[in-house]
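Visitor: Model the structure of this input:
(chains A and B)
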Amino acid sequence: MIFKPWLVPAGAVVALLLSTGPAAAAGNAGDAKQCRTTAQGRTVCLQQRRLGVRPLASLLTNTVLPNQKVDLSAWVEYNPFDCSLVSSGAWQVTTPPTKGDVSFGIYSDVLSNGDCPGVIFPYALISYTWTSSDEAATQDSFAAQWVSPDYVEPDTFVENLATVKIDKVDFAAGTASLTIDGPPEATGTLTLEFSGATAGTATLTTTESYASGSATPTLLRPSIPVGVYDTLKVKWNASTPQVFGKLTPPRPWNVLGSVRYSQYNVPVESACTGGSVSVWVVDSLTACNFTQVNLNSNFASQVNVNGTGQSSAHGTLKAGAATSLRRSCRGHFPDGATLNTSYLQVSSVTGSCNTTLVADSSVATHPTQRLACGANLKLVRPDNSNRADRTRADTCPACNTGFGGGDGHIDSFTASQACTAHDVGDLGQFWTVQIR
Amino acid sequence: MNLRSFRLLPLAIALAALGSAAAAQSSVDLAAGTVRAGKLFDPARASYTPVQQAGYRIEARRTGSTLELAVTPPAGTAYVLALAPELAQLRQVLVAGDRLWAIGWMNGAGASDVSLYRAADGRLLDRFWAYQPLPSPDGRYVAFQKFHPSHFIDQWETQYRLYDAALAPAANRAALRTPLAGEPAGDALVDVGLALYPLAPGELDRDASDLTPASAHSAGSGFAWSTDSRRVAFVDVQGGRARLVSAALGTARPQVTAAPLPELGLLCAGAPEGRACTSLSPDFVSLALGRADATLTVQRPGTAARRIGVPAGRFTTVAP
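Guide: Model prediction:
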């Protein structure tokens, strides 16, 4: 039923004005409807449509992407009795934005409060577009008022630039953990840029698109070239330009690149065949007592090649040339004894880091790789799956060469007790990163 | 060490390579001393293609864990010689005149066995251990780095040596300096060769236990020979400074000169100008020798080559 306001008793008009009317039609929650009687005695109503992408959030706050126009608010004044348009009104900017532009238009739609079902009204629309290129800018605000013949509605608008927060980079797992805060309907791939002063920039772009919320993109680790990287920048490709986040880790990411892993072992005398040879065993570098003994000749030779061996009767032996025997026991060498025929007895198999070597865990590296004792490495196959973990415990003097076409060479200690290196071939070539 | 290199592959191709490499043997080019496919050091699976050199047909084969060469001379009786038991993977054979060199790795760290045989009948003439051995084109010399154990060693340095096959084995083992009282005798497999560098008293043939980190020499490149086998050169690094060392042969003792290489510091990311880049692997450095000058080429995988010309005038005599 449509009432002509001038025919309704004042009290009834008041009652009518206070009526909320039928249930609101579908629309953003909280779309306002106001009604009043004008000085001319007309009853008019006002409907606002909040068009921001967060219907449950603050009326005037939005999360925006650069260069993407966002419709913010729209008003219309109408006659609730005959459903005629009183006025679309117009927006006036009272305090302009500083990081974007405001634009105006018409938003055509029914009333969301349920009045005048099926009738399309032209709302005056205000929109915003973030345009700033200032990478430090995160928020913009402006004030505007909607004006119609019977109303003035001032509003303040706050626009938050979408963000990408890098929570964690886990090279061991091959993932990065991110939090994307953006417009809920926006999606985009992620571009990850690792950079370092001496490493250049390594760029990875996901094939999967990510929406606002948590994201855990996979790092295609083997595609990251050798280098020390101290910054990660993650761009969310939901807009042009992109929004991004940056992370500087407490310790730079040390990517060793594609590394050839040779293997070495401690030969065991009992695994050696062949005859014996007379050699000298030295008890210590201080006492310098030389004792003539027999060792398997192949075993003795292998100890000289590799540096340490496990003898059957004399414990762990180190090649004289791998120690300071020549200087420490100068004057004690029996006639005919050489560094290659003299072996120092030691209590355990230790590397240059003075820790006991662990098979299939300890590695020997060259000093130019700048890995401290105890540095942990992750070995990754070309398909990005994890192959193994290794820990630096020894030094490999010859590992500054023999890269096999890759970026480095590391010698991995193996449990093999083989007498010769025939059965101690390379472990393989793996992309490697220092994880601790 | 002259290795055939390969570039890192895109993921899809790398996946295919992984599948094929897992099954592929390591194919060793005995003439060039290079390894294709598979793993660089893979003794149990290494395959060797027979080579023809100077009329000799040479085939390497494995019997258990021992390698042997089946040699068919151009004239005379074919023979089989067993290589040294420490030699796990043969890398190169070279026939030059009446000499047959067999060079191979004893382990994955590149420790090498170098054996010299009489080509006509395979009689062993001499044998020694080394790193980075490189025969001269005419097969008379082998330039090499003096051997030290490959692991479990705290101190070491690179000492550069030259083996002259025209000299008797004993002459290749002449004492390089007056031994200190009570020092052990030299070892036949290790204390070998004429000294190329360093030559300064106190550095020549010194014991590793006498080193300090700043004083140790390390190799900045492999060896390079002139085509006439009369000159050999290499890059040495000491105390962060690189030098191109060149030795002229043909007299009783090598005539050694050296040229500073401050340019290497400019080629190493992060290295201050004027300081040599000690993290630059010899794998990335190659040398080409002219009559008296040289050209250094530095190339890391995936990057453009950088060339440094070293004119003859930059070299100064290295006094013993």
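
Visitor: Just say helix, strand or coil for the residue of the stretch 101-250 of chain A found nearest chain B.
Guide: Using Cβ to the nearest Cβ, the point where the stretch 101-250 of chain A gets nearest to chain B is A:Thr198, with a distance of 4.0 Å. Every C-beta, even on glycine, is put in place using the N, C-alpha and C of the backbone. In the three-state summary, A:Thr198 is assigned as coil, counting by DSSP: H, G, I helix; E, B strand; the rest coil.

Visitor: Surely it is in contact with A:Val226?
Guide: No: using Cβ atoms under 8 Å, A:Thr198 is not in contact with A:Val226; the gap is 10.3 Å.

Visitor: Which one's more surrounded, the two?
Guide: In this comparison of A:Thr198 against A:Val226, neighbours counted by other Cβ atoms under 10 Å in any protein chain shown, the higher total goes to A:Val226 at 22 against 13.

Visitor: what's near enough to touch the more buried one?
Guide: A:Val226 sits next to A:199, A:255-258, A:407-408 when contact means Cβ atoms under 8 Å, 6 or more residues apart in numbering or on different chains.

Visitor: Could you measure from it over to B:Pro198?
Guide: Distance from A:Val226 to B:Pro198, counting by Cβ to Cβ, to the nearest Å: 31 Å.

Visitor: and which of the contacts of A:Val226 is nearest to chain B?
Guide: For the contacts of A:Val226, the residue nearest chain B by Cβ to the nearest Cβ is A:Ser258; the value is 5.7 Å.

Visitor: pretty sure the closest one is touching A:Gln429, no?
Guide: Yes: the pair A:Ser258 / A:Gln429 is scored as a contact, 5.8 Å apart, by Cβ under 8 Å.

Visitor: Residues in contact with both of those two, list them for me.
Guide: Counting by Cβ under 8 Å, 6+ apart, the shared contacts of A:Ser258 and A:Gln429 are A:Gly406.

Visitor: The chain: helices as residue ranges?
Guide: Just going to use chain A. With DSSP state H applied, chain A shows helices at A:10-18, A:297-306, A:325-328, listed in chain order.

Visitor: could you do chain B instead?
Guide: Counting by DSSP H, chain B has helices at residues B:11-23, B:263-267.

Visitor: Name the residue closest to the centre of the chain, please.
Guide: Using chain A here. The centroid of chain A falls nearest to A:Ala176 when counting by Cα atoms, centre = their mean (3.0 Å).

Visitor: I was thinking of chain B, sorry if that wasn't clear
Guide: Nearest to the geometric centre of chain B sits B:Gln132, at 2.1 Å (Cα atoms, centre = their mean).

Visitor: is it true that it touches B:Phe147?
Guide: No: between B:Gln132 and B:Phe147 no contact is recorded; they are 10.5 Å apart, counting by Cβ under 8 Å.

Visitor: So what's the residue count around the closest residue to B:Pro85 other than its chain neighbours?
Guide: Using Cβ to Cβ, 6 or more residues apart in numbering or on different chains and skipping the chain neighbours, the partner closest in space to B:Pro85 is A:Asn298 (5.9 Å). For A:Asn298, the neighbour count with other Cβ under 10 Å is 21.

Visitor: now do the one 5 residues further on
Guide: The number of residues packed around A:Val303, counting by other Cβ under 10 Å, is 29.

Visitor: Now do the contacts for it.
Guide: The neighbourhood of A:Val303, defined by Cβ under 8 Å, 6+ apart, consists of A:267, A:309, A:317-319, A:343.

Visitor: Can you narrow those down to the ones near chain B?
Guide: Among the contacts of A:Val303, the residues that sit close to chain B (Cβ under 8 Å from any Cβ of the partner chain) are A:318-319.

Visitor: Can you tell me which of the contacts of A:Val303 comes closest to B:Tyr141?
Guide: Distance to B:Tyr141 across the contacts of A:Val303 (Cβ to Cβ) is lowest for A:Ala319, with 27.9 Å.

Visitor: dump the residue contacts of the residue nearest to B:Val190 when sequence neighbours are not counted.
Guide: Closest residue in space to B:Val190, ignoring its immediate chain neighbours: B:Phe147 at 4.9 Å, by Cβ to Cβ, 6+ apart. By Cβ under 8 Å, 6+ apart, the residues touching B:Phe147 are B:111, B:128-131, B:189-190.

Visitor: one more time with 7 Å
Guide: Contacts for B:Phe147 were tallied using Cβ atoms under 7 Å, 6 or more residues apart in numbering or on different chains; they are B:111, B:129-131, B:190.

Visitor: Hmm, A:Pro80 and A:Asp86 touching each other?
Guide: Actually, residue A:86 is Val rather than Asp. No: between A:Val86 and A:Pro80 there is no contact, the gap being 9.9 Å when judged by Cβ atoms under 7 Å.

Visitor: Which one of those two is surrounded by more residues?
Guide: When A:Val86 is set against A:Pro80 and neighbours are counted by other Cβ under 10 Å, the residue ahead is A:Pro80, at 24 against 21.

Visitor: and the end-to-end length of stretch A:140-155?
Guide: Taking Cα to Cα, to the nearest Å, the first and last residues of stretch A:140-155 lie 14 Å apart.

Visitor: I'd like the distance from it to the chain centre, please.
Guide: With Cα atoms, centre = their mean, to the nearest Å as the basis, stretch A:140-155 stands 43 Å off its chain's centre.

Visitor: One more: stretch A:282-300?
Guide: Its chain's average C-alpha position is 55 Å from that of stretch A:282-300, according to Cα atoms, centre = their mean.

Visitor: Any chance you could list what contacts it?
Guide: Outside stretch A:282-300, the residues that touch it by Cβ under 7 Å, 6+ apart are A:267, A:269, A:272-281, A:309, A:311, A:314, A:323-325, A:328-329, A:332, A:334, A:337, A:342-345, A:419, B:85.

Visitor: Taking the stretch 301-436 of chain A, what residue is nearest to chain B?
Guide: Counting by Cβ to the nearest Cβ, the stretch 301-436 of chain A gets nearest chain B through A:Gly331, at 3.0 Å.

Visitor: Provide a list of residues in contact with that residue.
Guide: With contacts defined as Cβ under 7 Å, 6+ apart, the neighbours of A:Gly331 are B:181-182.

Visitor: now it: how far from A:Ala322?
Guide: Taking Cβ to Cβ as the measure, A:Gly331 falls 20 Å from A:Ala322.

Visitor: try A:Thr63
Guide: When distance is defined by Cβ to Cβ, A:Thr63 is 64 Å away from A:Ala322.

Visitor: for A:Ala39, same thing?
Guide: A:Ala39 is 105 Å from A:Ala322, where distance means Cβ to Cβ.
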